[in-house]
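# sequence unknown, structure follows:
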């Protein structure tokens, strides 16, 4: 970091130079390549005693820059309030040396100028402010891979019984006995949402059972992509069960992506076709209670699972069984018994212990007035 | 091959999106922006697929005399046709036929559906909120305080009620919700990794 | 699970009737109950009040037509405050149905304060795939929205000069009836650090509390109550303030119904024991 008074182009030239020279060492202008960015950016900061003492005298602050190689004239990069002490210049080119100067000036013509050393901008390949996230990702991956690997080697993992998933068999059986259809809804989540992917896993398992029992499965969708995927999932399940002839593509269809338009349409289907079982597995919003209450009024058995915590309260009141939190994401492993999925569930448990430990440690340290630990979790 | 290509595409893009988060370089951000644009373009085509799927489903229903859904399907097709014609001929700005239908037909109908929540909350609360055990009693007391504390009448009864309601929402309720959130987040991470690595592939239509 | 029966008039129908009465009567008689401004709403007001003039604020109409009665008073109150403070307002929508409503609101409230389209405010229009759109705005706004709602190139408007991405934005207000405000927090705040102001429906309110405590959002305006509180701060009685009395009576009715339900349960239990 270097700084020097260059010249004063207004009156009182000599006087000002004489005034400033003794203080110039205490003033500071610092320029550097803006860190953790994609390039084309230089940060200019300034401060020090001289600037602090003279700020009141000046009314305007110009940031000027010059391409060193071209030795062209100075161009104004920005005009800032005199109280500012940092400027990020996002309009420079990479790998070209620039010099900056800050010019404080007063209406009387008095001016104070500081010039920097040449500086170049360049893009970075790693955002160091996100190092903590990278460490977190690595920890997650290592633990999950380890348990997936253990599981592939043949190690057995215990999965506690999940009431909501155990009830699916009974619910399908009940619909078959009553000769009524099953209604499945994945809510309003888009296909890229993890909850929707988890819902497709449950759907596959449910469809396999409905194929075996020859029970109609109605699946109204609020997303065209989900509808297309669901048609494929259900068809594959029927194929796997050995009954592709029982698959009716008209029972898996797209309705609308309007929230209450969807609720109205599904309510209508429930009232007209009176399903024996309703499965609400996916992302739900305010329409959850409207769907569940209508299902309740027609006497259907209802099982719900969602990642929307607030809707859980509504589902708990109006449904017979429900999946809370990660139970919902465990459904895939629980229903398919795939050892690799079961292994990742075990890994999840260990991650939860680590997160819990970090929360307790953070709470204790913060209470004791030690803040460094919680700062480790900030994302830049 | 039928399964392998989507799995490879999924792995490449999943891994790229993960790595991209840590790489601020211009090449990375340019490619990232391009990927975002692709996602929107794909979605536009998906909407087209959705519209065709909707029309096909209702056209089949409308032509089937035995179908219970026939009148509803006819209304859906008529509604789509009306809005399309109105939008294409007169545009969709303020004062147009399209906007008139939106303001005077669609908005009131949808608001009616939303307002059903008030009625269903009342009936669900009456049916389900019972003091069957100690935990349920605590839940009931908390719910009553929060319901009163969130409206002016709570303040009128006692200024303490809104404060207690805020405490319930900010402390015990939040603690429970955070626990569930953490579980969901970890479940999401594990599921995402399984999808990227091709372990979870049901969404492709089978395993 | 309630078994359906053949009765024409169920208890639930009586409950629906009572709820309708509880909502309608206060709207007719307007008792005007006093309203307390909560810290969450006050924080939003103070933040906007503290912004320098000409700061850029994005307001995203992330709602559908169904929630207009709850969302419009909220959007109106926030827009009035922004225009009163001479902030530059950029409107957009992440749900198609919010588009025409948002455009109409911006123009109407802008006209109230004699604001110029393109100079003081602009409406970019609608973008599908909300998470993608939110992320894209963090990189380059003019790349995501090449034209405004009326089809004119946005880079030609004075309001867009020097406005590249979230770095040039003081806050994003998401007026939303679903979980889109959460996406704004997860993607725009967590990744780009922009300040988020959620204005949401009452039914979604508790989903935002964790973000409030972790200071990932400026404040929280939830439901008709949030809008009514904002109207109070602006010294302006609007639709929301008038609706608060109805909400009070509806809450009281629900509490009374829960009490009756429990009395019935205890009497049935007593009957069985005897």
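Structure received. Every value quoted in this text rests on a predicted model; they were computed, and no experiment measured them.

# output the longest helix belonging to chain A.
Counting residues, the longest helix found in chain A (DSSP state H) is helix A:339-367.

# average pLDDT across it?
Here helix A:339-367 scores 91 as its mean pLDDT.

# next up, the contacts around the nearest residue to residue C:38 once chain neighbours are set aside.
Nearest residue to residue C:38, sequence neighbours excluded (CB to CB, 6 or more residues apart in numbering or on different chains): residue C:229, at 6.2 Å. C-betas here are computed from N, CA, C, even on glycine. Residue C:229 is in contact with C:35, C:36, C:37, C:38, C:41, C:42, C:221, counting by CB atoms under 8 Å, 6 or more residues apart in numbering or on different chains.

# ok, for the third one, nearest residue in space, not its chain neighbours?
Translated: residue C:37. Distances taken as CB to CB, 6+ apart place residue C:229 nearest to residue C:37, at 4.7 Å, with adjacent residues excluded.

# okay, now the sheet partners of the host helix or strand of residue A:29, with direction.
Assessed by DSSP states H and E, residue A:29 sits inside strand A:27-33. Strands that pair with strand A:27-33, judged by DSSP bridges, come out as strand A:42-48 (antiparallel).

# next structured bit after the partner strand?
helix A:49-54.

# mind listing what's buried along that following helix?
Within helix A:49-54, the residues that qualify as buried are A:50, A:51, A:54, counting by 16 or more other CB atoms under 10 Å in any protein chain shown.

# helix, strand or coil for residue 37?
By default, I'm working from chain A. Assigned with DSSP: H, G, I helix; E, B strand; the rest coil, residue A:37 falls in the coil class.

# that one against residue A:125, yeah?
No. Residue A:37 is beyond contact range of residue A:125, at 11.2 Å (criterion: CB atoms under 8 Å).

# of those two, who's got more company?
Per other CB atoms under 10 Å in any protein chain shown, whichever of residue A:37 and residue A:125 has more neighbours is residue A:37, with 20 against 10.

# skipping adjacent residues, who's closest to that one in space?
According to CB to CB, 6+ apart, the nearest residue to residue A:37 is residue B:24 (5.3 Å).

# quick one: the strands in the stretch 251-380 of chain A, in order.
Counting by DSSP state E, counting those that start in this stretch, the stretch 251-380 of chain A has strands at residues A:252-254, A:277-283, A:301-306, A:321-323.

# and if you look at the stretch 1-150 of chain C?
Going by DSSP E, counting those that start in this stretch, the stretch 1-150 of chain C shows strands at C:56-62, C:88-93, C:121-126.

# which bits of the stretch 151-300 of chain A sit near chain C?
With CB under 8 Å from any CB of the partner chain as the criterion, the stretch 151-300 of chain A meets chain C at residues A:188, A:190, A:192, A:258-260, A:283, A:285-286, A:296-300.

# if we can go back for a sec, gap between the one helix or strand the residue nearest to residue C:37 maps to and the chain center?
According to DSSP H and E, residue C:229 maps onto helix C:223-233. Helix C:223-233 has its C-alpha centroid displaced from the chain centroid by 10 Å (CA atoms, centre = their mean, to the nearest Å).

# which residues does residue C:202 contact?
Counting by CB under 8 Å, 6+ apart, residue C:202 has contacts B:150, C:70, C:222, C:223, C:224, C:225, C:226.

# name the nearest residue to residue 58, sequence neighbours excluded.
If you meant another chain, say so; for now it's chain A. Using CB to CB, 6+ apart, the closest residue to residue A:58 is residue A:104 (4.0 Å).

# wrong one, I was asking about chain B
residue B:73 (3.9 Å).

# so which bits of the one helix or strand the one you found maps to are buried?
Element membership of residue B:73, judged by DSSP H and E, is helix B:70-90. Of all the residues in helix B:70-90, those buried under the rule 16+ other CB under 10 Å are B:72, B:73, B:76, B:77, B:83, B:86, B:87.

# ok, and what's touching it?
So helix B:70-90 is in contact with A:268, B:54-55, B:57-59, B:61-62, B:64, B:67, B:96-98, B:101, going by CB under 8 Å, 6+ apart.

# of those residues, select the buried ones using a PyMOL command.
A single PyMOL command selects the buried members of the contacts of helix B:70-90 (16+ other CB under 10 Å):
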select buried, chain B and resi 54+55+57+58+61+62+96+97+98+101
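
# could the contacts of helix B:70-90 be laid out in a markdown table, adding pLDDT?
Listed next are those as a markdown table, based on pLDDT from 0 to 100:
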| residue | pLDDT |
| --- | --- |
| A:268 | 93 |
| B:54 | 90 |
| B:55 | 92 |
| B:57 | 89 |
| B:58 | 91 |
| B:59 | 92 |
| B:61 | 88 |
| B:62 | 90 |
| B:64 | 85 |
| B:67 | 77 |
| B:96 | 88 |
| B:97 | 91 |
| B:98 | 90 |
| B:101 | 91 |
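
# in TSV: the contacts of helix B:70-90, plus secondary structure.
Shown next, in TSV, are these (three-state DSSP):
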residue	secondary structure
A:268	helix
B:54	helix
B:55	helix
B:57	helix
B:58	helix
B:59	helix
B:61	helix
B:62	helix
B:64	coil
B:67	coil
B:96	coil
B:97	helix
B:98	helix
B:101	helix
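
# tell me which residues touch residue A:38, please.
A:123, A:124, B:24, B:25, B:26, B:28, B:29.

# kindly recompute the last result at 6 Å.
Residue A:38 is in contact with A:123, B:24, B:25, B:26, B:29, counting by CB atoms under 6 Å, 6 or more residues apart in numbering or on different chains.
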